[in-house]
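Enquirer: sequence and predicted structure below; questions after.
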Amino acid sequence: MFLQNSLLSILQSLHCGSTHHYFALDALPLVQTSAGKRLVRVLLRHHKRYLIGATDPDTRFRDFQNHVIHVRDGYWGGAPRMAHKWYDRLQRYLRTNRFSDAAHAAGVLSHYFTDPLQPLHTEHSDLEKVLHRPIEQSIYRAYSQIHKIWRESEMEVVFQLSNQVSWLGESMLHGSRFANRKCSMLLDQYDLMSAVENPPAGLSLQAKNSLAELFGLAITGWARVLERAADEAEHDRGKKIPVQLIAPAVLTATVRGPVGLVQRQWADRREQREIVSMIEEYAHDGKLVHQIPDEVDIVHRVAGIYQSEKQWQPPTSHAETKVTVKRTRGRQQVAGEAVGEGADSPESVQPLCATDSVSAAAFLGSRVASRLVEIGIDSVADLLHCPPVDLAERMQLEHVTVQVITQLRGQASLMVNVKGLGDQAAKLLVAAGYTTAESISLAPRASLYREIKEVAGKWGSKCPQHSEINSWIALASAHTDFFQRRSA
């Protein structure tokens, strides 16, 4: 026990660079069952992978739409599904003695589990868009103060898990509903100007007290999840989880401590500089464009598309509204309003459906679209179903080769399947070899960035920023997640 406590102390003081690191570690002493305590020793023995996993959803996966449960929007968000996915993976690793992988899976699961139990992950608004990143930095820098309030209070946190199959997701939904009650107060009382010089000063005493309740909820809840995971794993294994030696982990954590401390200090300074830049842009322009954080931008984009699709209603047979599409030199006009090409922001992207006329696919060009109609290819669905070789022979247009048609069909397919993806985004992705939502969502980000940059360079066009490419990945992931849920 002495070695275990010593290791926890070293990790908390030298290796925690995120609130998620603190949550993952602070829950371990609260684990009470015998099986759970054996799992805790696994996590401490492989603490490096446990802590890496705790921040991988932010730094590696970047699937930010899966970090939220928007309570007032029908509990929208992918956090419960991702938690179930990683819980199953944790169980598989524990059954097969892959304990290092199990530690990583547990860390990832801790992130998806605790994120929706924090207020800013339970709804989105214009004010939240601006304050999200500064508030999260303030919470991280004030973590010890908030945690102390919880531990020294007379607050009793009861986190009882149900015995239903969906117990994990249900617990997250209940927790997010409780956290959402604190969201408006946290946003309204946050002192942004004070936080610029001293991040913890941005949080009022009332905010810290409310956050202390949520810290207790997240930490205690994660301890209960670890107990359930350990009990189920040992039941499935038919034997106990082997006891792990802690001494080697104490040594490695101590040796790596100074490096971890320096890295954390650098990261804190870089984060604060970026927050200051974000505040300066907002103060100057009254909105965020260049400095908007990816985790906020992606959630707002995907949530906006979700809202648009949910609110859209098909016209009735007596509807008087008419929509016409006209062509004027490569620009599209809808109901008399000109819509320019190129920009792939949510405001300018025109959704493409399989039932649309080929004339609605602006990227085809008027000549190609007209010729397609002449040979009987009236809709986008017709274009997707007809083999490229047959189309090339029937169209008989110079420069419209089988390769060109294949590229255009790939672009159309991607835009139909990934709602919110614009012409230019689809064109770049298909040219880089990404023709399905699955290939985009599963691609290593470094590879995707590099390949998009290479294509843009060959065309002599401006390469999209990483934040824009991240939004494409998020849209593709949302499509993939939707169909995985339907097939489950």
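Expert: Yep, that arrived.
Enquirer: where does pLDDT dip in the stretch 151-300 of the chain?
Expert: Scanning the stretch 151-300 of the chain for pLDDT under 70 picks out 281-291.
Enquirer: in it, which spans are helices?
Expert: In the stretch 151-300 of the chain, the helices defined using DSSP state H, counting those that start in this stretch lie at 167-180, 183-189, 192-197, 205-237, 247-285, 294-311.
Enquirer: got the buried residues for the fourth one?
Expert: I take that to be helix 205-237. 207-230, 232-234 (16 or more other Cβ atoms under 10 Å). In this view, the C-beta of every residue, glycine as well, is placed from N, C-alpha and C.
Enquirer: circling back to that earlier point, so which of the helices of the stretch 151-300 of the chain comes closest to residue 432?
Expert: helix 294-311 (19.9 Å; Cβ to Cβ).
Enquirer: could you look up the SS state of residue 398?
Expert: coil (DSSP: H, G, I helix; E, B strand; the rest coil).
Enquirer: what does stretch 425-436 rub up against?
Expert: With contacts defined as Cβ atoms under 8 Å, 6 or more residues apart in numbering, stretch 425-436 is touched by 344, 363, 407, 410-411, 413-415, 417-418, 421, 439-440, 443, 448, 451-452, 454-456, 464, 468, 472.
Enquirer: measure residue 437 to residue 474 for me?
Expert: Distance of residue 437 to residue 474, given as Cβ to Cβ, to the nearest Å: 11 Å.
Enquirer: what residue is smack in the middle of this structure?
Expert: residue 64 (1.5 Å; Cα atoms, centre = their mean).
Enquirer: contact partners for it?
Expert: Per Cβ under 8 Å, 6+ apart, neighbours of residue 64: 58, 294-296, 298-299, 474.
Enquirer: same check, this time on residue 250
Expert: So residue 250 contacts 3, 6-7, 10 (Cβ under 8 Å, 6+ apart).
Enquirer: make a markdown table out of the residues you listed and add secondary structure.
Expert: Below are these laid out as a markdown table (three-state DSSP):
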| residue | secondary structure |
| --- | --- |
| 3 | helix |
| 6 | helix |
| 7 | helix |
| 10 | helix |
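Enquirer: how's this protein carved up into domains?
Expert: For the chain, the domain assignment from automatic domain parsing gives the residue ranges 2-296, 350-487.
Enquirer: and the ones you listed: which comes nearest residue 304?
Expert: domain 350-487 (8.2 Å).
Enquirer: can you give me the mean pLDDT across the closest one?
Expert: Per-residue pLDDT over domain 350-487 has a mean of 82.
Enquirer: pull the residues that contact the one helix or strand residue 21 maps to.
Expert: Taking DSSP states H and E as the criterion, residue 21 maps to helix 19-26. In this structure, residues lying in contact with helix 19-26 by Cβ under 8 Å, 6+ apart are 8, 11-12, 15-16, 50-51, 54-55, 58, 106-107, 110-111, 114-115, 136, 139-140, 143, 147, 215, 218-219, 222.
Enquirer: distance from the chain centre to that helix, please.
Expert: Relative to the centre of its chain, helix 19-26 is centred 19 Å away, using Cα atoms, centre = their mean, to the nearest Å.
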